[in-house]
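> need coordinates for the below:
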Amino acid sequence: MGVPENNLTWKDFFMMLGRMLLYSLPIVFLMDKPPAGRGGNLFSFLADAVFLAAVYPAARKAGFNPANWRGYLAGLNSQLIPAFKWFLLTLGVLWLAVQAFSLALAPWDLPWTNLLLFWFDNSSNPANAEARIVGLLANPLLIPVHFLSVCALAPVMEEFLYRRWFYSAMRGFMPPTAAIVLNGALFGAMHGTDFFATGLCGIFFCWCYQRSGRLAGPILVHVFVNVLATGMMFYSVLSR
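You can find the predicted model right below:
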């Protein structure tokens, strides 16, 4: 199936960026102050709220209607089994890609290959989120909010932005394969040190969207991936 036609413009995109900057101003004053703190849990929750408020008008223009929540739930339910199969496929390919990447670079022992391996080792490293998990365990009431943010809100907002919007626009001037790879690279780059694993996941999310023609598919795969990653981070801290 094809991807739905993109009915959002660059003007909509820059208006969304403007809203994001405007809504972020109050958070700027909290960045270096506890209990928010840059990278802290409260800061992350506030950033998610800003992102949601900035994206919402564009989502409405693209056809999202909160009153149709039953229809959206039915769409998610119909895609549940296919999405879980795609999720398992994603895990398998990610594991193979990790092994191939390490085996290909390890024997060379050159400055640039060592740099790539160092960068790769820090990609999706649970230790990078250890402080946040420890902070959540110190205040268990925040744990459900954290899961809601990471495992529900983030997949919905990111899939709308990267797949429904950016990928659909890319398909207008390049072949699907090029658009999928470029979109995955963009998705990975926006996640900083998590570039490698997140970029590969972005490629799979695009593939799911292209295959199903519905945003429910990549949203569910994204949810499964985030639930697994978050659970592994909690396990890593709790098992010490």
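
> in the protein, where is pLDDT below threshold?
Residue ranges of the chain with pLDDT under 70: 1-2, 4-5, 30-42, 112, 119-129, 192-193.

> so which residues of it form helices?
Secondary structure of the chain, counting by DSSP state H: helices at 10-28, 41-61, 69-78, 80-105, 111-121, 130-138, 143-148, 154-158, 168-170, 176-189, 195-212, 216-238.

> any chance of the ones you listed in CSV, plus distance to residue 3 and mean neighbour count?
The way it works is simple: take the backbone N, C-alpha and C, and place the C-beta from them, glycine included. Converted to CSV, these look like this (distance: least, CB to CB, whole Å; neighbours: other CB atoms under 10 Å):
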stretch, distance to residue 3, mean neighbour count
helix 10-28, 18, 13
helix 41-61, 17, 17
helix 69-78, 16, 12
helix 80-105, 16, 14
helix 111-121, 31, 13
helix 130-138, 34, 15
helix 143-148, 28, 15
helix 154-158, 16, 19
helix 168-170, 5, 19
helix 176-189, 8, 18
helix 195-212, 6, 23
helix 216-238, 11, 19
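
> so how far is residue 198 from residue 87?
For residue 87, the distance to residue 198 equals 15 Å [CB to CB, to the nearest Å].

> please apply the same query to residue 219.
Residue 219 sits at a distance of 16 Å from residue 198 (criterion: CB to CB).

> same question, residue 70
Distance, residue 70 to residue 198, by CB to CB: 32 Å.

> likewise for residue 143?
For residue 143, the distance to residue 198 - CB to CB - is 23 Å.

> what does residue 60 give?
Distance of residue 60 to residue 198, computed by CB to CB: 28 Å.

> same thing with residue 207?
Remark: distance between residue 207 and residue 198 (CB to CB) = 15 Å.

> over to residue 170?
Noted for residue 170: a distance of 18 Å to residue 198, by CB to CB.

> before we move on, what about residue 142?
Here the criterion is CB to CB. By it, residue 142 lies 24 Å from residue 198.

> how about residue 76?
Distance of residue 76 to residue 198, given as CB to CB: 22 Å.

> same deal with residue 90?
Counting by CB to CB, the gap between residue 90 and residue 198 amounts to 12 Å.

> residue 83 now?
18 Å.

> repeat that for residue 221.
13 Å.

> quick check: neighbours shared by these two?
Applying CB atoms under 8 Å, 6 or more residues apart in numbering, one finds that no residue jointly contacts residue 221 and residue 198.

> skipping adjacent residues, who's closest to residue 230 in space?
Among residues not flanking residue 230 along the chain, residue 150 sits closest, at 5.5 Å (CB to CB, 6 or more residues apart in numbering).

> wait, that neighbour touches residue 225, no?
No - if you go by CB atoms under 8 Å, residue 150 and residue 225 don't touch, sitting 10.5 Å apart.

> ok, residue 55 to residue 23 distance?
Distance from residue 55 to residue 23, by CB to CB: 11 Å.

> kindly report the same for residue 156.
Residue 156 sits at a distance of 18 Å from residue 23 (criterion: CB to CB).
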